[in-house]
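> Let me see the structure of the following:
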Amino acid sequence: MRVLLGAAACLACVGLATQAVAQLHSGDITLSVPVAGGPIVTTGGEWVGEYAGRVFDEGIMPTAPPFVTSSPGFDSSTGTFPAGSLIRFDLVKELLFWDGAMLAPTTATMTVDYQDVRFATISGSDTAGAPGFIITSVPSNGSFHEHLDYALPSDAAAGLYGLVLTLGPGSATPAFTTSDSFLVTFARGSFSGYVAGLEAMVDAAFGAAGIVIDVPSGIQTQAEAGYPAIASAPSVTKTGGGTLVFDAVNSYTGPTTIAAGTLLITNPDALANTTVTVAAGGALALPPDARVVAGIDGLAITQGPSGGLVNLGTGEFTIAAGGISAIDLRASIIAGRNGGGWNGATGITSSRAAAAGGTRAVGYTVAGDGSSRVSFAAAGDVDLSGAVNVFDLVSVNASGTYGTGTASVWNQGDFNYDGATNVFDLVAVNTAGAYGQGNYFPTSTSLVGSGTAVPEPGTAILAVTALAAAFGCRHQRRRPRFVHPENSCN
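Modelled structure (predicted):
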């Protein structure tokens, strides 16, 4: 549990916060050595719960260049350290940066100096951190109260910057050892999402445990579950038999696992940067009554009679290149098809197709770069555009698979998933009744809404006749004789 107290949240624009813990010098990081010979311990800051005493958001850059601040400093009680001992700092991670929406790479370099004598620099590309320096020696009374200067370049973008540091002995001593790492942030200018940015930095700084969202029963939005938007997380796991609705833009990049219950996606960018694993007993779903096209980095579905389930409703998932193989995608669709009822207990299916009495299905395409689309569809809609028209017929004809027995896939005319393009696929197009009817994607909550075409057999049969004629011409053996233009296939 990580909590930022209200003061910082109220002044999120600039990150200004008052101290919640009594300190020797207001705004400084308090140092102590509770166990003789043990590590330096940092305390203070607004953060409570996990990592309390290790998160300090007191740094605020001026509103105009030069962007330099000496807050927060370090302070300790008299007698904390042996007189004359040396204390140094080191930077243990790259310079972190929140741009108002997400943790982002930064080209800026922060300079840390002590009295213009000693300097260290850290950039966003220094993933292993950077060496610091010995700050100074401890005075005779054993206290340590010093300030470093933290500077950003004059062209540094507005946002929240973060340093991850340690403090330790600058030379061998039995009196104390190096502290745990701690985070110091610096607000530069006005920007959005201060609290989310600080949470993201805490996760990045300390490798925080992944987020587990449990919905035992019923339905909860992600905000109701305590996560209005997830900016950063090492992982996200959905547990419990209930339904969790992801209805916000989530920018985290860690993997997502649906261990139980249903994760319903109503925002196209809810899973845009994550790979989703649907475990046995879990379900990933799109709405049945609204067309949502959602992106994901990758998809893995636990196979088997009680495996994971993806329910497309009336929507579509676009999967990034390498996110799922064409073989696994097709196998999952066939499992969900369940012989044509689209009511499989595992794999990829559509509750809307299942309710459509055989007139709707699930289609898919795989691009040359390995990216793929899987969508609620009507037989004949080769390109998953939401309409079946002459261009689809031309594409199927151009594939040259009809009647040859050659292995084929959806965009080559295999609409019934038997592995070949043949007369049974023409029957499927006829049954769908979508040819020439415009957009069949539903736009209302009813099964046959304003956007769902009611089959018109006459038109559909005409389409199938055109298909059969075109395909027949493709395979007709021509004789070297004159053919009257009206009887020509050309």
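> Next, residue 52: phi, psi?
Dihedral angles of residue 52 (phi, psi; degrees, to the nearest 10) stand at phi -60, psi 140.
> Leaving out sequence neighbours, find the closest residue to it.
For residue 52, ignoring the flanking residues on the chain, the nearest one in space by CB to CB, 6 or more residues apart in numbering is residue 45 at 7.4 Å. The way it works is simple: take the backbone N, C-alpha and C, and place the C-beta from them, glycine included.
> burial count for the one you found?
30 (other CB atoms under 10 Å).
> Surely it is in contact with residue 30?
No. In this structure, residue 45 is not within contact of residue 30 by CB atoms under 8 Å, at 9.4 Å.
> for the protein, which spans come out with low pLDDT?
1-25, 208-209, 444-490 (pLDDT under 70).
> mind listing the helices for it?
All helices of the chain, identified by DSSP state H, fall at 6-10, 194-206, 326-337, 351-354, 390-399, 423-432, 457-475.
> Which other helices and strands does the third one contact?
Taking 3 or more CB pairs under 8 Å, 6 or more residues apart in numbering; DSSP states H and E as contact, the helices and strands that helix 326-337 lies on are strand 298-301, strand 309-311, strand 347-349, strand 361-366, strand 372-377.
> what sits up against it?
299, 301, 303, 307, 309-310, 319, 342, 344, 346-350, 361-362, 364, 366, 372, 374, 409, 417 (CB atoms under 8 Å, 6 or more residues apart in numbering).
> Okay, now the sheet partners of the longest strand belonging to the chain, with direction.
For the chain, the longest strand by residue count, based on DSSP state E, is strand 159-169. With DSSP bridges as the test, strand 159-169 is paired with strand 86-91 (antiparallel), strand 96-98 (antiparallel), strand 182-188 (antiparallel).
> What are the buried residues along it?
159-169 (16 or more other CB atoms under 10 Å).
> So what's the gap between it and the chain middle?
How far strand 159-169 lies from its chain's middle: 27 Å, per CA atoms, centre = their mean, to the nearest Å.
> sorry, back to before: as JSON lines, the strands paired with strand 159-169 with mean neighbour count and distance to residue 230 would be great.
Output for the strands paired with strand 159-169, formatted as JSON lines (neighbours: other CB atoms under 10 Å; distance: least, CB to CB, whole Å):
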{"stretch": "strand 86-91", "mean neighbour count": "20", "distance to residue 230": "27"}
{"stretch": "strand 96-98", "mean neighbour count": "25", "distance to residue 230": "14"}
{"stretch": "strand 182-188", "mean neighbour count": "25", "distance to residue 230": "19"}
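> Quote the end-to-end distance of stretch 284-296.
12 Å (CA to CA, to the nearest Å).
> How much space separates the most centrally placed residue in the chain from residue 316?
The chain has residue 273 as the residue nearest its centroid, 3.0 Å off, counting by CA atoms, centre = their mean. Here residue 273 is placed at a distance of 18 Å from residue 316 (CB to CB, to the nearest Å).
> Residue 67 now?
45 Å.
> who's more crowded, these two?
Neighbours were counted for residue 67 and for residue 316 using other CB under 10 Å; residue 316 has more, 24 against 21.
> show me what contacts the nearest residue to the residue nearest to the centre of the chain once chain neighbours are set aside?
Residue nearest to residue 273 in three dimensions, not counting chain neighbours: residue 253, with 4.7 Å by CB to CB, 6+ apart. For residue 253, the contact set (CB under 8 Å, 6+ apart) comprises 232, 273-274, 297.
> Torsion angles phi and psi at residue 253?
phi -120, psi -10.
> Adjust the sequence numbering to begin at 20 for everything that follows.
Right, with 20 as the first residue, what we last looked at is residue 272.
> Check the spacing between it and residue 74 real quick.
According to CB to CB, residue 272 and residue 74 sit 21 Å apart.
> Also residue 117?
Between residue 117 and residue 74 the computed distance is 14 Å (CB to CB).
> Likewise for residue 418?
For residue 418 relative to residue 74 (CB to CB), the value is 59 Å.
> quick one: which of the two has more around it?
residue 74 (27 against 18).
> what is the more buried one paired to in the beta sheet?
residue 202.
> Could you pull up the residues touching it?
64-66, 201-202, 204, 217, 221.
> how about 10 Å then?
21, 23, 61, 63-68, 181, 201-204, 217-218, 220-221, 224-225 (CB atoms under 10 Å, 6 or more residues apart in numbering).
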